[in-house]
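Enquirer: Provided below for reference: sequence and predicted model.
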Amino acid sequence: MKVDFHMHTTHSDGSYTPTALIQRCAEKGLGCVSVTDHDTLSGLVECGQEARKNGMELVPGVEISAQFEPGTLHILGYFLDPDDSELKEELGGVQRARKERNPQIIEKLRGLGIEISLEEVHKEAALDEELADRQIGRPHFARVLVKKGYAASLEDAFGRYLSKGRPAYMDKRRLSSARAIQVIRKAGGIASVAHPKQMRLEERALEKELARLVGEGLEAIEVYNSCQTAAEHSIYQRLAKHFGLVVTGGSDFHGASKPGVEVGILGENVSLGYEMVDALREKLAARRG
């Protein structure tokens, strides 16, 4: 049974609705998946309904942005309770901050001579009154920039305007890593570092950061991700063994928002089976005693 524990829907910055994403996973032969939208749980009910129709297992998940320099640190949460009030409250605060950030990105782009409106970005994200819980993210800005001829591709839009350090970048409110891990664990879940490559640390520095995160309650690491090379997989596998972390993996599928990435493909010639799910459950059982 193939698995994929990192993917996104239109409820964050993916281009597939929850129903369409689960259908694609079924077509690709996946038996167990975790949908991990950024800082929101709003798509999980629809995902669960479609998963049941297709005889698939859905593990409730989320991806939380944490404070970190010089790269980015995202914490994946698995097997959590989507109705946990503390988790929902924290994620709600992050979502509100994201909405407040978006007009500031518009102003920065206009200051660069780019004619763009927030209404255009909303339209690109297919927002309407019935889908008001969907989030506006930088990929939606990027798609508008490409359509209007200000960038040649999504990658170009991020590289020229929207990535950290570029002229239209605006940071958002993030939880500390300790708080992100804490709310995941309090909601009954297990926390895993997403795509450690994006932390932009050399191996020794990464080992030091992982030691800190383990001290905060981290229990897993995404060894396998479509953005990581085979050599990087080996490094993360060694670190997982060193710290006793569960090895997880995911495609980080976004659909059209991240071309070239497919569900179930967790790196070149990499796929994982149900043993990963069993390992996560065993870790949770050991913690709960």
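Expert: Received it, and whenever you're ready, just let me know what you need.
Enquirer: What segments of the stretch 101-250 of the chain are helices?
Expert: 118-124, 138-147, 154-157, 177-186, 203-216, 230-243 (DSSP state H, counting those that start in this stretch).
Enquirer: Pull out the buried residues from the second one.
Expert: Spelled out, that is helix 138-147. 138, 139, 140, 141, 142, 143, 144, 145, 146 (16 or more other C-beta atoms under 10 Å). The way it works is simple: take the backbone N, C-alpha and C, and place the C-beta from them, glycine included.
Enquirer: Same question for the shortest one.
Expert: By neighbour count, and taking 16+ other C-beta under 10 Å as the criterion, the buried residues in helix 154-157 are 154, 157.
Enquirer: Pull that helix out as CSV, backbone CA atoms only.
Expert: Written as CSV, here are the backbone C-alpha positions of helix 154-157 (Å, rounded to 0.1, in the frame of the first residue of the first chain):
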residue,chain,number,x,y,z
LEU,A,154,5.9,30.7,-11.2
GLU,A,155,9.5,30.0,-10.4
ASP,A,156,10.5,33.3,-12.1
ALA,A,157,7.8,35.2,-10.1
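Enquirer: Show me what it is packed against.
Expert: helix 138-147 (3 or more C-beta pairs under 8 Å, 6 or more residues apart in numbering; DSSP states H and E).
Enquirer: domains in the chain, as residue ranges please.
Expert: 2-83+175-288, 91-162 (automatic domain parsing).
Enquirer: and the ones you listed, which one's lowest on average pLDDT?
Expert: Per-stretch mean pLDDT for those is lowest at domain 91-162 (a mean of 86).
Enquirer: Span of that domain from start to end?
Expert: Start-to-end span of domain 91-162 (C-alpha to C-alpha, to the nearest Å) is 23 Å.
Enquirer: what's the answer for stretch 125-145, then?
Expert: Stretch 125-145: ends 13 Å apart by C-alpha to C-alpha.
Enquirer: same deal with stretch 105-119?
Expert: OK, stretch 105-119 end separation, C-alpha to C-alpha: 13 Å.
Enquirer: OK, contacts around residue 111?
Expert: For residue 111, no contacting residues are found, by C-beta atoms under 8 Å, 6 or more residues apart in numbering.
Enquirer: same question, the one 3 residues further on
Expert: Neighbour list for residue 114: 145, 148, 150, 161 [criterion: C-beta under 8 Å, 6+ apart].
Enquirer: Now the buried members of those residues.
Expert: Looks like those have 145, 150, 161 buried, using 16+ other C-beta under 10 Å.
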